[in-house]
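Visitor: A predicted structure for the sequence below; I have some questions about it.
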Amino acid sequence: MEEIAFYDAKPYDMESFDKINDRYKINYYEDKLNRRTAKFAEGCSAVCAFVNDTLDRDVIDSLKDIGVKAVVMRCAGYNNIDLRYAAGKLAVMRVPCYSPYAVAEHAMALVLMLNRKIHKSYLRTRDFNFSLVNLTGFDLHGKTAGVIGTGKIGQAFIDICRGFGMHVIAYDPYPDKKAAAEKGYCYGDKEEVFSESDIVSLHCPLTRENRYIIGHESLKLMKKGALIINTSRGKLIDSDELLKALRDRRIGGAGLDVYEEEADFFFEDCSSDIITDDTLSLLVSMPNVIITSHQAYLTSEALKGIAETTLGNLDEFFSEGADITRAYTNSIILS
Ligand code: NAI
């Protein structure tokens, strides 16, 4: 039986994998994969990793040296892997699609909570404070949502926005003109999306080109009071610039499921720690910022889909002779 080292394991991961796994010996580790923990995979032929695991040159070399042949990412994004370096050393696969609805619905939950200040009213009424002062929001109907990235999640988010009677303007280097015509949204350049939208929601992968796509310049273009939603990757937003725009009251609020320095905090209980990241502390302290801990994907349907596809990726790899030079259905190695 092939052994798999499973890093950054949480109870809900183990439950979803154990429910359907009858063919691999999975060794679960709470630790994240990094230079120190790579050796845990000794004796394993594959490693299962997640969004905040480190797969840099040193880790890739360590894994290869101890006989690991494949990395199966149990997520869609792969910005944390040095893919060029991994080519020819390890097979790397991912889960390109599990539930775009899970992430899109969470993005809209952040919009609704921020706009209608549900987080504040929840706390108030628990203390029998039934005042409505400072809880005024705005109608979504008739407003404009700006969507950056119109792949699977972006499309699901557009459907939700259209259902609310919103106009949608989108930016994507590869626009889906057919979907735009069918669903009644339009494409524009980035500047148009930033300047015309009441809500800007990010649904693109993190690449070298779009790091800090929300930064000093784009924030200056945005409508006063606009809401920013990020359920994609933290480094798409320059957090210090966002903080300045929030403090200057230029931006109306931010719903963040990801944060550029999330690896040290997200997914963990840090409630007894002194948080040394001042930017994160200031963001958390703001009344118009809602932070969730990379939770957007977390539905039972998505967890099931992730486990099925990840085990399927391993099945394909091992049934094809564990050939690291081959392309598999969900390979992400660059040639
Ligand atoms: P997808 O691959 O279906 O779509 C991504 C779209 O972004 C594509 O249409 C692509 O052309 C576009 N794109 C690429 N570079 C761009 C740029 N610079 N500006 C604008 N658009 C650009 O991916 P999917 O499934 O929709 O996922 C999107 C992202 O959501 C993932 O890359 C991942 O970072 C994030 N994600 C977050 C989760 C969470 O729990 N918070 C869970 C799953 C995904």
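Guide: Thanks, I have the structure now.
Visitor: tell me the residue of this protein that sits nearest the ligand?
Guide: Going by C-beta to the nearest ligand atom, the ligand is nearest to Gly151 of the chain, at 1.7 Å. Just so you know, the C-beta spots here come from the backbone N, C-alpha and C atoms, and that holds for glycine as well.
Visitor: if you skip the residues just before and after it, what's nearest to that residue?
Guide: Here the nearest residue to Gly151 in space, its sequence neighbours aside, is His203; by C-beta to C-beta, 6 or more residues apart in numbering that works out to 6.8 Å.
Visitor: count of residues packed around the one you found?
Guide: 27 (other C-beta atoms under 10 Å).
Visitor: surely it touches Ala145?
Guide: No. Using C-beta atoms under 8 Å, His203 is not in contact with Ala145; the gap is 10.9 Å.
Visitor: okay, strands next: where are they in the stretch 1-150 of the chain?
Guide: 3-6, 25-28, 46-49, 70-73, 91-93, 144-148 (DSSP state E, counting those that start in this stretch).
Visitor: please produce JSON lines containing these, extended by mean neighbour count.
Guide: JSON lines is the format used below for these (neighbours: other C-beta atoms under 10 Å):
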{"stretch": "strand 3-6", "mean neighbour count": "22"}
{"stretch": "strand 25-28", "mean neighbour count": "16"}
{"stretch": "strand 46-49", "mean neighbour count": "28"}
{"stretch": "strand 70-73", "mean neighbour count": "26"}
{"stretch": "strand 91-93", "mean neighbour count": "26"}
{"stretch": "strand 144-148", "mean neighbour count": "26"}
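Visitor: out of those strands, which gets nearest to Gly253?
Guide: Closest of the strands of the stretch 1-150 of the chain to Gly253 is strand 144-148, at 14.4 Å (criterion: C-beta to C-beta).
Visitor: following that closest one, which helix or strand comes up?
Guide: helix 152-163 (DSSP states H and E).
Visitor: buried sites along that next one?
Guide: Lys152, Ile153, Gly154, Gln155, Ala156, Phe157, Ile158, Asp159, Ile160, Cys161 (16 or more other C-beta atoms under 10 Å).
Visitor: still on that earlier bit, who touches both of His203 and Ala145?
Guide: The contact sets of His203 and Ala145 overlap at Phe157 (C-beta atoms under 8 Å, 6 or more residues apart in numbering).
Visitor: rewinding a little: and the residue of the chain closest to the ligand, what does it touch?
Guide: Taking C-beta under 8 Å, 6+ apart, one finds Asp172, His203, Cys204 in contact with Gly151.
Visitor: the last one against Ile153, yeah?
Guide: No. Taking C-beta under 8 Å as the contact criterion, Cys204 and Ile153 are not neighbours in contact, 9.3 Å apart.
Visitor: shared neighbours, the two?
Guide: By C-beta under 8 Å, 6+ apart, the residues touching both Cys204 and Ile153 are Ser232.
Visitor: what about Ala70, distance to Val284?
Guide: 38 Å (C-beta to C-beta, to the nearest Å).
Visitor: which residues of the stretch 51-200 of the chain lie near the ligand?
Guide: 76-77, 100, 103, 148-154, 171-174 (C-beta under 6 Å from any ligand atom).
Visitor: just the residues you listed: which has the poorest pLDDT?
Guide: Summarising pLDDT for those: the lowest-scoring member is Gly77, with 87.
Visitor: what sits against it?
Guide: Contacts of Gly77 by C-beta under 8 Å, 6+ apart are Val51, Arg94, Pro205, Leu206, Ser232, Arg233.
Visitor: can you check Val168 too?
Guide: With C-beta under 8 Å, 6+ apart, Val168 has these contacts: Thr144, Ala145, Gly146, Val147, Ile158, Cys161, Arg162, Lys183, Gly184, Tyr185, Cys186.
Visitor: Ser281 now?
Guide: Ile275.
Visitor: let's see it at 10 Å
Guide: Counting by C-beta atoms under 10 Å, 6 or more residues apart in numbering, Ser281 touches Ile274, Ile275.
Visitor: quick one: distance of stretch 180-194 to the chain centre.
Guide: 22 Å (C-alpha atoms, centre = their mean, to the nearest Å).
Visitor: checking Pro205 next. Helix, strand or coil?
Guide: coil (DSSP: H, G, I helix; E, B strand; the rest coil).
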